[in-house]
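A.B. asks: compute the structure for the input listed below.
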Amino acid sequence: MAAATVPAYILSTLWAKPGYLLNIIGAASGIVQCFCFVVLLTLVRPILTEIKRTFTSPSFVLLIIALSGFGLKLLLQLVSAFPAIAQMAYELRPIVIAYLHLVLVGVITSFLLVWYLEEKVIANTVPKRNIYLYLYLTAFFGMETCLVLTPWWNVTSESIFLSASEFTFVFSGLLCLSFFLIFLSTFSKPDENHLLD
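C.D. replies: The predicted model follows:
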């Protein structure tokens, strides 16, 4: 998977129509990465119960989201090897932003939050900590939905009183709020009732 990352860079240049040979190389690297992801899943599956038992519930949910987002990223990379899809992605900027948002927030940030939770950087005993984390997930999924639907918003959402950009702004604010609350939770005192349990 790591080796295939180098030729997979070509997939980010296909909007410039560099030639079908590079499309083929990009597609081949995408296929290799998707195959490696399937192998990774087969390695994880036998120990899934142990992982679920070892990690806290919020951490496990975030791990599943990070893993799912990573798989979707690889699939989208592979699909982008088709010239028509590459051109569409180039012309529809919100789709590109949604892809970057998926990788940076859905995969990387979710995984880092798991690490912070398990290393006790974010205290497990802070009241309402789970609410902050689920607020983060709500904002993430809301932003993704708005970004993906932006090009077709007027067609699919005529009765909605806010535009796609306004909804995206709202979810961006919620995302910032969730991170601020999570950050503050690192300085909070443990919940005494939780400790007694």
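A.B. asks: C-alpha only now, for contacts and for neighbours.
C.D. replies: OK.
A.B. asks: any regions of the protein where pLDDT drops low?
C.D. replies: 123-127, 154-161, 188-197 (pLDDT under 70).
A.B. asks: flag every buried residue along the helix or strand hosting residue 171.
C.D. replies: Using DSSP states H and E, residue 171 maps to helix 164-185. Buried residues in helix 164-185, counted by 16 or more other CA atoms under 10 Å: 164, 167, 168, 171, 172, 174, 175, 177, 178, 181, 182, 185.
A.B. asks: of all the residues you listed, which comes closest to residue 1?
C.D. replies: Of all the buried residues of helix 164-185, residue 1 sits closest to residue 175, with 31.0 Å by CA to CA.
A.B. asks: how far away is that closest one from residue 153?
C.D. replies: According to CA to CA, to the nearest Å, residue 175 stands 22 Å off from residue 153.
A.B. asks: still on that earlier bit, could you write out the alpha-carbon coordinates of the helix holding residue 171 in PDB?
C.D. replies: Output in PDB follows, covering the C-alpha atoms of helix 164-185 (Å, rounded to 0.1, in the frame of the first residue of the first chain):
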ATOM      1  CA  ALA A 164     -25.800  24.600   0.900                       C
ATOM      2  CA  SER A 165     -23.200  27.200   1.800                       C
ATOM      3  CA  GLU A 166     -25.200  28.400   4.700                       C
ATOM      4  CA  PHE A 167     -25.700  24.900   6.000                       C
ATOM      5  CA  THR A 168     -22.000  24.200   5.500                       C
ATOM      6  CA  PHE A 169     -21.300  27.300   7.600                       C
ATOM      7  CA  VAL A 170     -23.500  26.100  10.400                       C
ATOM      8  CA  PHE A 171     -21.900  22.700  10.500                       C
ATOM      9  CA  SER A 172     -18.400  24.300  10.300                       C
ATOM     10  CA  GLY A 173     -19.400  26.300  13.400                       C
ATOM     11  CA  LEU A 174     -20.500  23.100  15.200                       C
ATOM     12  CA  LEU A 175     -17.300  21.400  14.200                       C
ATOM     13  CA  CYS A 176     -15.200  24.300  15.700                       C
ATOM     14  CA  LEU A 177     -17.400  24.300  18.800                       C
ATOM     15  CA  SER A 178     -17.000  20.500  19.300                       C
ATOM     16  CA  PHE A 179     -13.200  20.800  19.100                       C
ATOM     17  CA  PHE A 180     -13.200  23.800  21.500                       C
ATOM     18  CA  LEU A 181     -15.300  21.700  24.000                       C
ATOM     19  CA  ILE A 182     -13.000  18.700  23.600                       C
ATOM     20  CA  PHE A 183     -10.000  20.900  24.100                       C
ATOM     21  CA  LEU A 184     -11.600  22.400  27.300                       C
ATOM     22  CA  SER A 185     -12.400  18.800  28.500                       C
END
